[in-house]
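Student: sequence and predicted model, in that order:
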Amino acid sequence: MSRRSGGGRMIRVLNVAEKPSVAKAVAEILSRGSGGMRSRLGRSRYNRVFEFEYTIGSQACHMLVTSVIGHLMELEFDDRFRKWHSCDPADLYHAPVRKHVPQDKLDIKITLEEEARRCQWLVLWLDCDREGENIAFEVIDVCTSANDHLNIWRAHFSALIDREIHHSVQNLARPNKLFSDAVDARQEIDLRIGASFTRFQTMLLKDLFVLDFASDNRSLVLSYGPCQFPTLGFIVERYWEIQSHEAEEFWTINCSHTSEEGTANFIWMRGRLFDYTSAVVIYEMCVEEPAATVKNVKHQEKLKYPPYPLSTVELQKRASRFFRMSSEHTMKIAEELYQAGFISYPRTETDGFSVNTDLHAIVREQVTHPIWGSYAQQLLDVEARLWRNPSNGGHDDKAHPPIHPTKFSAGETGWSQDHNRLYEIVVRHFLACVSQPAVGAETTVEIDIAGEQFSASGRVIIAKNYLDVYRFESWGDNIVPTYTIGQQFIPTRLTLDSGVTRPPPLLSEADLLSCMDKAGIGTDATMHDHIKKLLDRCYATKDSNTRFSPTNLGEALVMGYDEMGYELWKPYLRAMMECDMKAVSIGTKSKSEVLESCLQQMKACFLDARRNKVKLLEAMGLFFERSAGDAHNVGETVRPCSLCSEADMVLKQRPVLILFFCFIPSSKDKFYLIFSSILLYQTEALHLSLFVLLKPWSPICNNRGLSMIQLLAISIKETLACRDVERFTHVQHCTHVLGHSFHDWNILDGKNHVDEPRSTSRKLQLDGACKLCRNVVWLPGSISEAAVTNHVCSSCAPGPVYKVQFKFRRLEIPPNYDVDHLGCIGGCDVILRELIEICGTGSRNHTGMSARGPRGTEPLSSASRGNSRQEPCLHCGQTGHSSNHCPSQDSSCPRAAQTTRFRNARIISGEVQCNSCGATCALRTANTESNRGRKFYTCQSQECGFFVWADSLEDGGTRGHGGSRGGHGRSSSTARRDGRARGRRGAPSNGVTFVSATGESVSGSCFVCGDPSHFANACPNRGR
């Protein structure tokens, strides 16, 4: 294609390099001999514009050379998805993304636009790899937006030296869109996967555990990267291999023979035995017949070949192995040497030189060096026969040659020791790879002792060749005495020695780079970045020997994901992605095809990881302590909060604090209170015992007219106030104080409410809560188990609203309701609304306020407590009263009570069966004072607690009511407390006032019979 713009007139050419230093170097090389170079500031003070005259082919050009600083654009989510709490992390897999110029690079963008408007050509001098090609298209987008008539060209070069730069500008090509698409696909995949998993594990774990390595926990980010995590996986896997290693003892026979020519050490051909008896038997056979017979003597020439030409990964590995330099530091020094023109481009996968490369010219530049100059001269001497064309390692990225020296240096002022070391290894490696291999003569002697075979090997180096210049490798001599076939001798030493197996060592940086390269994790240009991120994020540590160990955090994360079953820390997924990127770069797959398949696969992994997040929590719990404020605040996400829309509402179990009291009078007006508390939360139990001297009673009783129970409540409240008990949601007191049965308490917003007691078996109270605005949805109090499922409600918004699998206590819900129910807390579930009406909720929050703060509680339905009820009664269909107070369901009505009590027993073939577990009930006789001799049926299971009076079944029912096994004849009160009678917790009273521990009035009535004229402890029906 002709590059003339027509008419032979001079054209303006905008040249854009990737870095300011490269722009300056290119301008200096091309401007030599053209009358000088002018320089001026651009909009950015770091990116100058150089101007000079130059001829491309036969076209006169006015050249303008400027630069960017790496990527000109960033890929990010739309604004509404950028905040961490703005969306479900799963939404990030399909959220819209955009590529734009960030604020700190707007000056560069303006410079490019202004210069492009006055130019006819655009020549791109970006690095010649896929990443550089992507930056090139970012520059194209900016420049063509200002001038869409630009003629766009690409310069391909590998070193900032005269011959490379002049050759590339005279052989311009077109940019490769496929390379850029491959990078775009990788960037989008990494953004979506990294952001979703990072948000997930940071929000889940940061506040739940005490991460002692983080100075500022608020800014802590537990990042996840598709390359970073498999890299961590290599470190953890080797660490686990070491930890699980069990040393095993073995035995081996060692033999040596010393003669005038030296000592030969023979190795047992069996190697080693792990059975001591077998080893001893064989050793004794050899001792009894110790004469050794030479069976074979082999002489052969051995060659030690020089290394392949130097690629990026090999440069990092060798710098780490020889100089203990980190890969990140190695690449930094290599980049500086490249920009100064001393070595070729340091990011290359190619390990074979092109046949067109003038290798002799590169060697010729090193002839004058004071150390390896003489060796370079021998290479050029034909008679020395030291030259050998380098081998090809089989890798070619089609962009850059292997790393090699491009300019002579005996050491520059301003160079550090690492600059000199890295330049030395590049030069010595290049000289070695064009040299003959080392030559040695190897001798192997095999002997026989009592039927057991032994061998010894020795080597004599004939010609060192490349080893003369490549001082980093050695090939030692080991001379073996002369033996002839059939010769016999008695060994000088013949011993049975023991040893133990040893685990492999921790991965060194060179080992880790090899693992990454073999598995295809990252590219030659990014591997060192992934390793550095592991250290920066405190996922791994590196010792003075450059060996890696995982931190507790790194091991816990890998363990958690490993327990989930998805091997996200294994290299397979990322290796497949890298193969897909390569397929895009060569055109066998499209960008959209790769994006769709990779993101669909990783979204499935993410959703599965979120469903199994308890595995991650369990793994973290093995290494870290729970945070004091959030130790019991773990929950499963149910839906986005409908109030603040900033966070998720989670399903949580409220902890129960059970207090056991012993009340002892000590004098006329003083009492001692000894109480013990147990905090129950799922499988955890915290225990506390206190000995408290209460304040005098009589003056308070007389002046305020408070009962003993109320005064005890005040004293307990004051005692516990200084112990941060308010953070516990539910307190139960199970004891008798001075003959009075103590009531249940509920601590909400620091306020205590005396209320009716509940069964102490109720240890699971659930709520859906948002931790930002503290919006709460109260659930029915009869729930025993609840778990969030993957089913999404189709009618509730904002979504997704995940349905919850509930399990209710059979004895606390009407028989026409199933124990298992898949429900929605979004407000559309009729069954949940009915059960709240019938059974009430676990909340004592009568005002409708949140249990945690002033923000409003989200009602599950319009029938939630504290609101006026306009819906008809669920039992009789009439309005004017709630289902809790339906006259047709009043347990004081004999027929209603009988019907209520006859609902949970079945009579089959004359046997009474428990309706909860189906077991046959046993007939027993009551021995209580009020029911002595009365027959009743009870379930033989210890978990059901079911019973029914035999005369109730005989009198007119086919079903009986299940009640507490410890009822002691109080069947009527039990019937009222279970089932519908629980709905009275929030009912208004008629003139009776209970006083709370804070001195506030609380309406209520007798919890035994419902009569508002007396308290429960004075109820005449109590104990019947």
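Tutor: Done, it's in.
Student: are we agreed that L303 is in a helix?
Tutor: No. When DSSP: H, G, I helix; E, B strand; the rest coil is applied, L303 is found to be strand, with no helix at that position.
Student: show me the contacts for the residue nearest to P780 when sequence neighbours are not counted.
Tutor: Nearest-residue entry for P780: L835, 4.2 Å, with adjacent residues in sequence omitted and distances by CB to CB, 6 or more residues apart in numbering. Just so you know, the C-beta spots here come from the backbone N, C-alpha and C atoms, and that holds for glycine as well. By CB atoms under 8 Å, 6 or more residues apart in numbering, the residues touching L835 are P780, S782, F808, I813, Y817.
Student: can you get me a residue count around the fourth one?
Tutor: Looking back up the chat, that one is I813. 23 (other CB atoms under 10 Å).
Student: what about the closest residue to it other than its chain neighbours, distance to Y224?
Tutor: Nearest residue to I813 in three dimensions, chain neighbours excluded: S782, at 5.2 Å (CB to CB, 6+ apart). Counting by CB to CB, to the nearest Å, the gap from S782 to Y224 is 40 Å.
Student: try G565
Tutor: In terms of CB to CB, G565 sits 17 Å off from Y224.
Student: who has more neighbours, these two?
Tutor: Of the pair G565 and Y224, Y224 is the one with more neighbours under other CB under 10 Å, namely 24 against 11.
Student: check what pLDDT the residue nearest to the more buried one when sequence neighbours are not counted gets.
Tutor: In this structure, Y224 finds its nearest non-sequential neighbour in F197, 3.5 Å apart by CB to CB, 6+ apart. Note on F197: pLDDT of 93.
Student: F197 in helix, strand or coil?
Tutor: helix.
Student: so what's the residue count around it?
Tutor: Count around F197 with other CB under 10 Å applied: 25.
Student: list the contacts of it.
Tutor: Neighbours of F197 in contact, by CB under 8 Å, 6+ apart: P89, Y224, F606, A609.
Student: just checking, the second one touches G194?
Tutor: Yes. In this structure, Y224 sits in contact with G194. The criterion is CB atoms under 8 Å, and the distance is 5.9 Å.
Student: please save the CA atoms from stretch 384-402 in PDB.
Tutor: In PDB, the C-alpha atoms belonging to stretch 384-402 read as follows (Å, rounded to 0.1, in the frame of the first residue of the first chain):
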ATOM      1  CA  ALA A 384      38.300 -21.700  17.400                       C
ATOM      2  CA  ARG A 385      35.100 -23.500  16.400                       C
ATOM      3  CA  LEU A 386      33.300 -22.200  19.400                       C
ATOM      4  CA  TRP A 387      30.300 -20.800  17.500                       C
ATOM      5  CA  ARG A 388      27.100 -22.700  17.300                       C
ATOM      6  CA  ASN A 389      23.800 -21.400  16.100                       C
ATOM      7  CA  PRO A 390      21.400 -21.200  19.100                       C
ATOM      8  CA  SER A 391      18.700 -23.800  19.700                       C
ATOM      9  CA  ASN A 392      15.100 -22.900  19.400                       C
ATOM     10  CA  GLY A 393      12.900 -23.400  22.500                       C
ATOM     11  CA  GLY A 394       9.700 -23.700  20.500                       C
ATOM     12  CA  HIS A 395       8.000 -20.500  21.700                       C
ATOM     13  CA  ASP A 396       7.300 -17.500  19.500                       C
ATOM     14  CA  ASP A 397       4.900 -14.700  20.300                       C
ATOM     15  CA  LYS A 398       5.400 -13.200  16.800                       C
ATOM     16  CA  ALA A 399       6.100  -9.800  18.400                       C
ATOM     17  CA  HIS A 400       9.600  -9.700  19.900                       C
ATOM     18  CA  PRO A 401      12.800 -11.700  19.700                       C
ATOM     19  CA  PRO A 402      14.400 -13.200  22.800                       C
END
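Student: so which residues make contact with it?
Tutor: 128-129, 156, 158, 305-306, 308-311, 344-345, 347-354, 357, 359, 378-380, 433-437, 465.
Student: coming back round to it: then the residue nearest to P780 would be within a strand, right?
Tutor: No. Counting by three-state DSSP, L835 is not part of a strand but helix.
Student: distance-wise, check it relative to M63.
Tutor: 81 Å.
Student: repeat that for E114.
Tutor: In terms of CB to CB, E114 sits 16 Å off from M63.
Student: repeat for G352
Tutor: If you measure G352 against M63 using CB to CB, the figure is 34 Å.
Student: the more surrounded of the two?
Tutor: Applying other CB under 10 Å to G352 and M63 shows that M63 carries more neighbours, namely 26 against 19.
Student: not including adjacent chain positions, what is the nearest residue to that one?
Tutor: Y54 (4.8 Å).
Student: check contacts around that neighbour.
Tutor: V13, L30, S31, S34, C61, M63, V169.
Student: that one: what secondary structure?
Tutor: Quick answer, by three-state DSSP: Y54 is strand.
Student: K295 - that's part of a strand, no?
Tutor: Yes. Assigned with three-state DSSP, K295 falls within a strand.
Student: my read: it touches E446, true?
Tutor: Yes. At 4.9 Å, K295 and E446 qualify as touching, with contact defined as CB under 8 Å.
Student: show me where pLDDT drops low in the stretch 501-650 of the chain?
Tutor: Within the stretch 501-650 of the chain, the stretches with pLDDT under 70 are 566-567, 628-635, 644-647.
Student: show me the helices in it, by range?
Tutor: With helices called from DSSP state H, counting those that start in this stretch, the stretch 501-650 of the chain shows them at 509-519, 527-536, 552-564, 572-586, 591-611, 613-623.
Student: dump these into JSON lines; add distance to N134 as well.
Tutor: As requested, those are exported to JSON lines (distance: least, CB to CB, whole Å):
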{"stretch": "helix 509-519", "distance to N134": "22"}
{"stretch": "helix 527-536", "distance to N134": "16"}
{"stretch": "helix 552-564", "distance to N134": "30"}
{"stretch": "helix 572-586", "distance to N134": "11"}
{"stretch": "helix 591-611", "distance to N134": "12"}
{"stretch": "helix 613-623", "distance to N134": "34"}
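Student: can you list those in CSV and add distance to K935 and mean neighbour count?
Tutor: Compiled in CSV, the helices of the stretch 501-650 of the chain are given as follows (distance: least, CB to CB, whole Å; neighbours: other CB atoms under 10 Å):
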stretch, distance to K935, mean neighbour count
helix 509-519, 75, 21
helix 527-536, 73, 19
helix 552-564, 53, 22
helix 572-586, 67, 18
helix 591-611, 51, 17
helix 613-623, 48, 17
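Student: for those, which one sits closest to L122?
Tutor: Checking the helices of the stretch 501-650 of the chain against L122 by CB to CB gives helix 572-586 as the closest, at 22.5 Å.
Student: excluding its backbone neighbours, what's nearest N612?
Tutor: M564 (4.4 Å).
Student: again but with G522, I slipped
Tutor: C227 (4.7 Å).
Student: next one: D648
Tutor: Excluding its sequence neighbours, the residue lying closest to D648 (CB to CB, 6+ apart) is T637, at 4.4 Å.
Student: okay, now the sheet partners of the strand or helix carrying L14, with direction.
Tutor: Assigned by DSSP states H and E, L14 belongs to strand 11-17. Using DSSP bridges, the strands paired with strand 11-17 are strand 59-67 (parallel), strand 121-125 (parallel).
Student: dump those to JSON lines, plus distance to R421 and mean pLDDT.
Tutor: Shown next, in JSON lines, are those (distance: least, CB to CB, whole Å; pLDDT from 0 to 100):
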{"stretch": "strand 59-67", "distance to R421": "29", "mean pLDDT": "94"}
{"stretch": "strand 121-125", "distance to R421": "29", "mean pLDDT": "95"}
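Student: any chance of the ones you listed in CSV, plus distance to R238?
Tutor: Below are the strands paired with strand 11-17 laid out as CSV (distance: least, CB to CB, whole Å):
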stretch, distance to R238
strand 59-67, 42
strand 121-125, 42
